[in-house]
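S.K.: A structural model of the following input is requested.
(chains A and B)
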Amino acid sequence: EPEVTQTPSHQVTQMGQEVILRCVPISNHLYFYWYRQILGQKVEFLVSFYNNEISEKSEIFDDQFSVERPDGSNFTLKIRSTKLEDSAMYFCASKRTGNTDTQYFGPGTRLTVL
Amino acid sequence: SQQGEEDPQALSIQEGENATMNCSYKTSINNLQWYRQNSGRGLVHLILIRSNEREKHSGRLRVTLDTSKKSSSLLITASRAADTASYFCATVIYNQGGKLIFGQGTELSVKP
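M.R.: Next up is the predicted model:
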């Protein structure tokens, strides 16, 4: 069964460094999302992406964040200058189409900012 | 209350018992989805119920939706130790691009 994959599973970085989190959505999916979950808290929406552009972003998704679909398969989240409070689990999700379809989540990348 | 508020926050039961978790929301929704998360792991989709549906079943899972009360419940019947996990409801609101708004979750512990 197709699944969303994410790499790396765990990333440790120093404050102020740039990180790129990678996701490979399910191949025939058209809508892509990033969410994050700070330890012990609920999952929060960051950004949605469709037709090669951001369709919606939350207030968490400030100028330090960017997303890209550099080729037909990868979907990346870049944090330009990481802060301690960026430490969280980051989940990529994708769905095929429409407003009622299930979103399928990847296993997540645990980002630790020191 | 927030969109996607769940209760109880934690639930501890014996294997074989049923577990019921509730979710309430504020804004009219397109659909509501339930996810499971094992400790520190990814989110596994369990079931999606649309706003025009009242009940759905999947194996040992039963989900109800009451749009007049803006609430949903997830029932796990004949629970097993392997059902131990956190369970989240997530809503999709009309005309908001399909993003999921998650609740705080219910932490279920099933004792063997």
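
S.K.: Mind listing the residues bridging to the residue nearest the centre of chain A?
M.R.: By CA atoms, centre = their mean, chain A has its centre lying nearest to A:W34, at 3.2 Å. Going by DSSP bridges, A:W34 is paired in beta bridges with A:V47, A:C92.

S.K.: which ones are touching it?
M.R.: By CB atoms under 8 Å, 6 or more residues apart in numbering or on different chains, the contact list for A:W34 reads A:L21, A:C23, A:L46, A:V47, A:V67, A:L77, A:Y90, A:F91, A:C92, A:A93. C-betas here are computed from N, CA, C, even on glycine.

S.K.: same thing but at 7 Å, please
M.R.: A:W34 makes contact with A:L46, A:V47, A:V67, A:L77, A:Y90, A:C92 under the criterion CB atoms under 7 Å, 6 or more residues apart in numbering or on different chains.

S.K.: tell me the pLDDT at it?
M.R.: Looking at A:W34, its pLDDT reads 98.

S.K.: What part of chain B, helix or strand, is modelled with the least confidence?
M.R.: Counting by mean pLDDT, DSSP states H and E, chain B has its least confident helix or strand at strand B:5-7, which shows a mean of 84.

S.K.: Please name the strands paired to that one in the sheet, noting orientation.
M.R.: Using DSSP bridges, the strands paired with strand B:5-7 are strand B:19-24 (antiparallel).

S.K.: how about the strands in the chain?
M.R.: By default, I'm working from chain A. Ranges of strands in chain A, per DSSP state E, are A:5-7, A:10-13, A:19-24, A:31-37, A:43-50, A:53-57, A:65-68, A:75-79, A:88-95, A:104-105, A:109-113.

S.K.: other chain: chain B
M.R.: Using DSSP E, the strands of chain B run over residues B:5-7, B:10-14, B:19-24, B:29-37, B:43-50, B:55-58, B:61-66, B:71-76, B:85-93, B:101-102, B:106-111.

S.K.: Turn the ones you listed into TSV, columns for mean neighbour count.
M.R.: Formatted as TSV, the strands of chain B follow (neighbours: other CB atoms under 10 Å in any protein chain shown):
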stretch	mean neighbour count
strand B:5-7	17
strand B:10-14	14
strand B:19-24	20
strand B:29-37	23
strand B:43-50	18
strand B:55-58	12
strand B:61-66	18
strand B:71-76	20
strand B:85-93	24
strand B:101-102	23
strand B:106-111	18
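
S.K.: Ranked by average pLDDT, which of those falls at the bottom?
M.R.: Of all these, the minimum mean pLDDT falls on strand B:5-7 (a mean of 84).

S.K.: quick one: stretch B:81-98 to chain centroid distance?
M.R.: Distance of stretch B:81-98 from its chain centroid, counting by CA atoms, centre = their mean, to the nearest Å, is 6 Å.

S.K.: and it with chain A, contact?
M.R.: Yes: using CB under 7 Å from any CB of the partner chain, stretch B:81-98 comes into contact with chain A via B:F88, B:V92, B:G97, B:G98.

S.K.: residues contacting the third one?
M.R.: Applying CB under 7 Å, 6+ apart, we find B:G97 in contact with A:S48, A:S55, A:E56.

S.K.: Quick one: which of these is the most crowded by neighbours?
M.R.: For the contacts of B:G97, the largest neighbour count, defined by other CB atoms under 10 Å in any protein chain shown, is 25 neighbours, found at A:S48.

S.K.: Looks like it contacts A:V67 (just checking).
M.R.: No: between A:S48 and A:V67 there is no contact under CB atoms under 7 Å: 9.3 Å.
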